[in-house]
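Need the 3D shape of this:
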Amino acid sequence: MSTKSAHILVVDDEPDMRDLVRDYLAEFDLRVTAVATGDEMRRVLDEQPVDLVMLDLRLQGEDGMHLARELRGHSQVPVIIVSGRQGEAERVLGLELGADDYVTKPFSPRELLARIRAVLRRYQVSNELHATRAAGYRAYRFEGWELNLRVRRLTAPDGHRVELSNGEFNLLQALCEAPQRILTREQLLDLTRLHGAEVYDRSIDVQILRLRRKIEDDPSAPRLIVTERGAGYIFSPAVEVLQ
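Okay, here's the model as predicted:
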């Protein structure tokens, strides 16, 4: 699924808002289905593949938080929550329910499009890496290093074992699975969680720093894990997959 041809389900009880979002996203070749109720949302999800749900929390006569909880309990479809409230408590609750992003009304259609594309890209990378793990690879090799997935061991080019914490191992595995691609902090958080890591928020930067100290010749001038300023990180070496 490319982000350009994705199917977006908009759930909002304001007709003008549904029309605005549908018309704007359609200009960028996104397919949009717009509905007003939770029942209509369920019907569309039952009948059609949906790549992302944009859910207004303030539906007339319905509990948007309940719908968000129901979505996350029965589906892995990405969810962007929309609300007219600016309060931090509602934003935090929405994210705790498993929403992938949160926007408040009034919002810029251009900003909404950027957020939708960002969420879809994160899921696309995650799906690709799920497929990679399903292939049952034994190890990754780069620049003489070997990361053995079965025994969870990192071996240096000179043959000695380098001790990694659980979080460092999971982060290095995620980097090896997507070499020479820019990964945002949010993507790295998602990918390390797929491996069961307890890594949150800006601690990605701390994990990157620790990894650099263990695998870089000069951690102050990193060559393997490179910072792309304003974008994220890129694992620069070619990675060989060992079956």
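
residue furthest from the geometric center of this protein?
The C-alpha centroid of the chain is most remote from residue 158, which lies 35.5 Å away (Cα atoms, centre = their mean).

and it, what helix or strand is that in?
Residue 158 is part of no helix or strand when elements are defined by DSSP states H and E.

Give me the pLDDT value at it.
If you check residue 158, the pLDDT there is 96.

burial count for residue 140?
Look at residue 140: counted by other Cβ atoms under 10 Å, it has 21 neighbours. From N, CA and C alone the C-beta is placed, and that goes for glycine too.

actually residue 210, sorry about that
Residues near residue 210, counting by other Cβ under 10 Å, number 16.

if I look at it, how far off is residue 204?
Note on residue 210: its distance to residue 204, by Cβ to Cβ, to the nearest Å, is 11 Å.

for stretch 138-149, the distance to its chain's centre please.
Relative to the centre of its chain, stretch 138-149 is centred 25 Å away, using Cα atoms, centre = their mean, to the nearest Å.

same question but for stretch 108-125, I mixed them up
10 Å.

And the residue nearest the centre of this structure?
Mean-position check on the chain, Cα atoms, centre = their mean. Result residue 122 at 3.4 Å.

Tell me the secondary structure of that one, please.
helix (DSSP: H, G, I helix; E, B strand; the rest coil).

isn't it right up against residue 186?
Yes: using Cβ atoms under 8 Å, residue 122 is in contact with residue 186, at 6.3 Å.

For residue 184, give me its contacts.
Each residue near residue 184 by Cβ atoms under 8 Å, 6 or more residues apart in numbering is listed here: 118, 122, 231-232.

just how off-centre is the host helix or strand of residue 212 within its chain?
For residue 212, the host element (DSSP H and E) is helix 203-215. Relative to the chain's own centre, helix 203-215 is displaced by 20 Å; criterion: Cα atoms, centre = their mean.

could you dump that helix to CSV, C-alpha only?
Extracted in CSV, the C-alpha atoms of helix 203-215 (Å, rounded to 0.1, in the frame of the first residue of the first chain):
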residue,chain,number,x,y,z
SER,A,203,15.2,8.2,25.3
ILE,A,204,15.8,7.1,21.7
ASP,A,205,18.5,9.7,21.6
VAL,A,206,20.1,8.2,24.7
GLN,A,207,20.0,4.7,23.3
ILE,A,208,21.6,6.0,20.0
LEU,A,209,24.4,7.6,22.0
ARG,A,210,25.0,4.4,23.9
LEU,A,211,25.1,2.3,20.7
ARG,A,212,27.5,4.7,19.1
ARG,A,213,29.9,4.3,22.1
LYS,A,214,29.9,0.6,21.5
ILE,A,215,30.1,0.3,17.7
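
list the helices and strands that helix packs on?
When contacts are defined as 3 or more Cβ pairs under 8 Å, 6 or more residues apart in numbering; DSSP states H and E, helix 203-215 packs onto helix 166-177, helix 185-194, strand 225-228.

so which of these gets nearest residue 80?
For residue 80, the closest of these is helix 185-194, at 13.4 Å, according to Cβ to Cβ.

burial of residue 176, as a residue count?
22.

what's the nearest residue to it if we skip its chain neighbours?
Of all residues not flanking residue 176 in the chain, residue 140 sits nearest, at 3.9 Å (Cβ to Cβ, 6 or more residues apart in numbering).

Point out where this protein drops to low pLDDT.
Where the chain drops to pLDDT under 70, the residues are 1-4, 85-97, 126-136, 193-202.

Mind listing the residues bridging to residue 33?
residue 9 (DSSP bridges).

That one reaches residue 9, doesn't it?
Yes: the criterion here is Cβ under 8 Å, and residue 33 meets it with residue 9 at 5.2 Å.
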